[in-house]
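Asks: My questions concern the predicted model and sequence given below.
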Amino acid sequence: MFLNTLLRHKGWTWGFRTTILLYFVVLIVLPILGVYYNSFSLGFSNFAGSISDPIAWKSVLLTLKLAVIATVINVLLGTMIAWVLIRYQFPGKALLNSLVDLPFALPTAVGGLMILLLLGPGSLIGGMAEALGFEIVFHQPAIVIAMVFVTFPFVIRAVQPLLEELDASEEEAAYTMGATRSRVFRQVILPSMAPGMIGGGMLAFSRALAEFGAVVLVAGNIPGRTLVSSVFIFGEVESDNPVGAAAVSIILLTLSFLILWLINMLQMRGRRV
Amino acid sequence: MRKLWIGLTYLVFFLLIAAPLGKMTIGAFSEGFGGFWDALTRPEALHALMMTGFVVVVVTLLNTLFGIMMALYLVRASWLGSRVKGLLNSIVDLPYAVSPVIGGLMIVLLLGPDSALGAVFEQIGVKIVYAFPGMVIATLFVTFPLMVREIMPVLQEIGSQQEEAASTLGAYGWTTFWKVTWPSIRWAVIYGVILTVARSLGEFGAVLVVSGNIMNKTQTATTLVYQDVENFNVTAAGGIALVLAAFSAGLLLLMEWSKRRKEVH
Amino acid sequence: MHVEVRGLNKHFGDFHAVKDVNFGITKGHLIGLLGPSGGGKTSILRMLAGLETPDSGEIVFHGKTVNNLPPQEREIGFVFQNYALFKHMTVYENIAFGLKVKKANKHTIQNRVAELVELTGLKGFEKRYPHQLSGGQRQRVAFARALAPEPQLLLLDEPFAAIDAKIRQELRSWLRELIERVGITSIFVTHDQDEAIEVADEIMIINQGRLEQKGTPWDIYKEPKTPFVATFIGESTLIGSAAELKGFHNTGGKPTKALIRPEYIEVGHLNEFKMASATEQGIVKHLHFRGSEWLVEVEVNGHKLVTYRSLEKETLTPGQEIAVLVHRAYLFNDERSWIQENGLKEDPMPVFI
């Protein structure tokens, strides 16, 4: 009874609320503001200087390029797999469906290591590729593979519910009106999957931009060639240049926030329709 | 056509998931079981696993507690204006968009030895960056949305009427929460806990930056894997990675199980 | 419990949901809050319960201001529109919840729950979960749960809205009886006028946040105080300009509208009326058989009027010319509203024979 009275006291409520909000602000908001503040702390010219360092901007461009490639691969593969997992019955389907989430559950460093071991110099596939005259690990293809691996579930998980919701009668209606299979696919099924492909694709893209663990192990990190931004940032921190790291960070951050905002807008529009 | 698609799907899963996993397992045992065991029982490996364990426990506890509270506030609190709520709600997702390395960098910038706050803590003898507290904070940052985002939709779905009914029947906040709200969000919380454990277990970028990766001090399992690879000790890295992967697979099974429970309730 | 409400106001953002509402409720009465959806009825109810805080005004229970009391301490029972049963508790646990919270002893709880289960006809369902019950049964559990802690005031938010039309009728009379037997002051919200008229001792008509009128169903029907009440309760036809009706020329010169209820109108052959000069010519447009009487639509001066006609009287046919007498009308303009008898019904120059 006494405890109850104590808990009911206004001061407690107030203290509780303040603690939670403070925790939130200190943990999430403050650090983000801190990065923006720090990258401009030595003036704009310094920021510009950090950015115009060729190693810095080349890393940003490289990240963008590879993330786009990885995203395109993922949208194609993901849509196909989502389709197969929803529309077809076949042995092992449930197992595959569970395995989809594995890249989320697996530590990214482990993912990187797996790719390194599979495709690395001493391995069967690595050796074959080398014999054919192109290299995977420590080159750009490895980065793309790493990105595809860690972002693998996004598109699948975004498209699946849409396909599940798609009313079979919609398709059937189209067939009764004499539409061909490919026409139904293009005009009925594809438009229903599109929001998931775009939304999942954007999530995958933003994750690919940010990926560090898997990439750092397989990329080789050669400035200008296989050095992506997140690894560049890590390098800057290691060499005790946090301001330079912050400058590249805010480019990546702003880009990611923009994507997040776009996804939100997209979802809101989707809800209204 | 149908056979082709199914075949392609199996191929993708094999190339992207099964083959790497298998290769790593073989790699870890390439020097026999003894090699695997030696890699695991190195003092630095044991210490790293222990550090990971500590981080997981502390982060999961804190994130669960604050995650539930934050979700409750974001959905229920009438003392927050709807604009403020909308703003807070969109901020919750920000850690998703932040690269873990940048998350770590943020902590370093804010609390590192060169920063004002870091200096203050240094003075009172608390080391945050390159120490355990920093690793916890970095992991908390990265995992924050997981719990909130699991609970919020459930709270929205059950609505506030059952809670209001409890209050008109004489139950105060605490009783209402345990007797009415908790049974409804239980499975969402469990799912959120599993996600948080999985993520904090595997967190690498943020922890690597914040911890400084000091062997036998701040090194975690994932950062040890990284260091082993850097040192070309691939077999040892494979051993640790295999343990981590086994944990992740277990968590994945748990996730599937709790997802099913969540749907039933 | 005696309930008194003074100057109640509530805003939701820019929306003024409840506007300066005042009323008093006598102990033991069953009150219906009636009005269109979104009119502020539920907000008033929730403020009484303490689930919503008024912006201004006073809520007094038993002579004691309760504005600052949380719902837990107001001694009220609340039945929610969708019942809000605790879905992970059995019927028994749901009903016992309020007693357990109050730390009643085990024996008391068992007896009270058994009593309520009996009262609400839920015997044999104690071990079921809400999802295993029908809508009507859930409703009964909600009543029992609200009544269990012996509240002083029972508040019901659209108690029958989520129930099939068939069972609704049955539940209404059941509720009415139950409340009478328990003798508890009760307020229920509804947008269904039949429900309010049938169940309530007194009705409060709420529209756009205002209390339009309070009174017994008969009083409200007979003497609506505002145009809104007049249109909302009962059937009626609106005539844009009252002066166009014979016998209602004298409306004070202002543009005045008229509402005419079916029973205000009499139709028949000219010789059936004592005051033939007060009648107008009309044409029967449609006839609808209503089981116990005819519903007659007549056109008079381009206005369509509706009235009922006994089956005992001679049956009319569409297109037939007929005399129409408007006995009285509910008139209103910008300033006031009143009920006026037909001015021609009383012979201006009575001749005594």
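Replies: It's in. Numbering: from 1, shown residues only, chains lettered A, B, ... in the order given.

Asks: which regions of chain C sit below the pLDDT cut-off?
Replies: C:1, C:250-253, C:346-353 (pLDDT under 70).

Asks: which residues in it form helices?
Replies: Per DSSP state H, chain C carries helices over the ranges C:41-49, C:91-101, C:106-119, C:135-147, C:165-182, C:193-199, C:217-222, C:227-232.

Asks: any bit of the second one sitting next to chain A?
Replies: Meaning helix C:91-101. No - against chain A, helix C:91-101 shows no contacts by C-beta under 8 Å from any C-beta of the partner chain, the least distance being 10.7 Å. Yep, even glycine has a C-beta here, placed from its N, CA and C like the rest.

Asks: Can you list the neighbours in contact with that helix?
Replies: B:166, B:169-171, B:175, B:179, C:85-86, C:89, C:108-109, C:112-113, C:116-117, C:122, C:125-130, C:133, C:141, C:144-145, C:148-149 (C-beta atoms under 8 Å, 6 or more residues apart in numbering or on different chains).

Asks: thinking again about what came up before, mind putting the helices of chain C into a markdown table with mean neighbour count?
Replies: Below are these laid out as a markdown table (neighbours: other C-beta atoms under 10 Å in any protein chain shown):
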| stretch | mean neighbour count |
| --- | --- |
| helix C:41-49 | 23 |
| helix C:91-101 | 23 |
| helix C:106-119 | 15 |
| helix C:135-147 | 24 |
| helix C:165-182 | 15 |
| helix C:193-199 | 19 |
| helix C:217-222 | 16 |
| helix C:227-232 | 20 |
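
Asks: A:Trp12: neighbour count?
Replies: A count of nearby residues for A:Trp12, using other C-beta atoms under 10 Å in any protein chain shown, gives 12.

Asks: how far out from the middle of the chain is the one helix or strand it maps to?
Replies: Secondary structure from DSSP states H and E places A:Trp12 in helix A:10-24. Between the centre of helix A:10-24 and the centre of its chain there are 34 Å (C-alpha atoms, centre = their mean, to the nearest Å).

Asks: which parts of that helix are buried?
Replies: Using 16 or more other C-beta atoms under 10 Å in any protein chain shown as the burial criterion, the residues of helix A:10-24 that qualify are A:Ile20, A:Leu21, A:Tyr23, A:Phe24.

Asks: Need the pLDDT of the last one.
Replies: Looking at A:Phe24, its pLDDT stands at 87.

Asks: For chain A, give me its nearest residue in the stretch 151-265 of chain B.
Replies: The nearest approach of the stretch 151-265 of chain B to chain A comes at B:Gly202, 2.9 Å away (C-beta to the nearest C-beta).

Asks: which one is that residue nearest to, not counting chain neighbours?
Replies: In space, B:Gly202 comes closest to A:Pro107 once its chain neighbours are excluded; the distance is 2.9 Å by C-beta to C-beta, 6 or more residues apart in numbering or on different chains.

Asks: quick revisit: right, and the helix or strand after the helix holding A:Trp12?
Replies: Next along the chain after helix A:10-24, taking DSSP H and E as the criterion, comes helix A:30-39.

Asks: could you measure B:Arg83 against B:Val229, distance?
Replies: According to C-beta to C-beta, to the nearest Å, B:Arg83 and B:Val229 sit 48 Å apart.

Asks: The two: who's more crowded?
Replies: Ranked by neighbour count (other C-beta under 10 Å), B:Arg83 and B:Val229 place B:Val229 first, with 23 against 8.

Asks: was I right about the more buried one contacting A:Val110?
Replies: No - at 10.9 Å, B:Val229 does not count as touching A:Val110 under the criterion of C-beta atoms under 8 Å.

Asks: hmm, back to that, the residue of the stretch 151-265 of chain B closest to chain A is in contact with A:Pro103, isn't it?
Replies: No - the pair B:Gly202 and A:Pro103 fails to qualify as a contact (C-beta under 8 Å) at a distance of 10.5 Å.

Asks: neighbour count winner among the two?
Replies: Neighbour count, other C-beta under 10 Å: between B:Gly202 and A:Pro103, B:Gly202 has more, with 28 against 20.

Asks: Give me the nearest residue to the residue most central in space within chain C, chain neighbours excluded.
Replies: The residue lying closest to the centre of chain C (C-alpha atoms, centre = their mean) is C:Ala196, at 3.5 Å. In space, C:Ala196 comes closest to C:Gly32 once its chain neighbours are excluded; the distance is 3.7 Å by C-beta to C-beta, 6+ apart.

Asks: Nearest to chain B: which residue in the stretch 51-200 of chain A?
Replies: Using C-beta to the nearest C-beta, the single residue of the stretch 51-200 of chain A nearest to chain B is A:Pro107, 2.9 Å away.

Asks: doesn't C:Ala323 make contact with C:Ala276?
Replies: Yes - counting by C-beta under 8 Å, C:Ala323 is a contact partner of C:Ala276 at 7.4 Å.

Asks: domain ranges for chain C?
Replies: For chain C, the structural domains run C:3-232, C:237-341, going by the TED database.

Asks: With respect to burial, which of the ones you listed scores highest?
Replies: domain C:3-232 (a mean of 19; mean count of other C-beta atoms under 10 Å in any protein chain shown).

Asks: how about the nearest residue to A:Val184 once chain neighbours are set aside, what does it touch?
Replies: Nearest residue to A:Val184, sequence neighbours excluded (C-beta to C-beta, 6+ apart): A:Ala174, at 4.6 Å. Counting by C-beta under 8 Å, 6+ apart, A:Ala174 touches A:Arg183, A:Val184, A:Gln187, A:Val188.

Asks: The third one touches A:Met177, doesn't it?
Replies: This means A:Gln187. No - at 10.8 Å, A:Gln187 does not count as touching A:Met177 under the criterion of C-beta under 8 Å.

Asks: I am assuming the residue of the stretch 51-200 of chain A closest to chain B contacts B:Phe204, so please confirm or correct that.
Replies: Yes - between A:Pro107 and B:Phe204 there is a contact under C-beta under 8 Å: 6.1 Å.

Asks: Between the two, which contacts overlap?
Replies: The contact sets of A:Pro107 and B:Phe204 overlap at A:Gly213, B:Thr222 (C-beta under 8 Å, 6+ apart).

Asks: From the buried residues of helix A:10-24, list the ones also adjacent to chain C.
Replies: When C-beta under 8 Å from any C-beta is applied, no member of those is adjacent to chain C.

Asks: Take these and lay them out in JSON lines including distance to chain B.
Replies: Converted to JSON lines, those look like this (distance: C-beta to the nearest C-beta, whole Å):
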{"residue": "A:Ile20", "distance to chain B": "5"}
{"residue": "A:Leu21", "distance to chain B": "8"}
{"residue": "A:Tyr23", "distance to chain B": "5"}
{"residue": "A:Phe24", "distance to chain B": "6"}
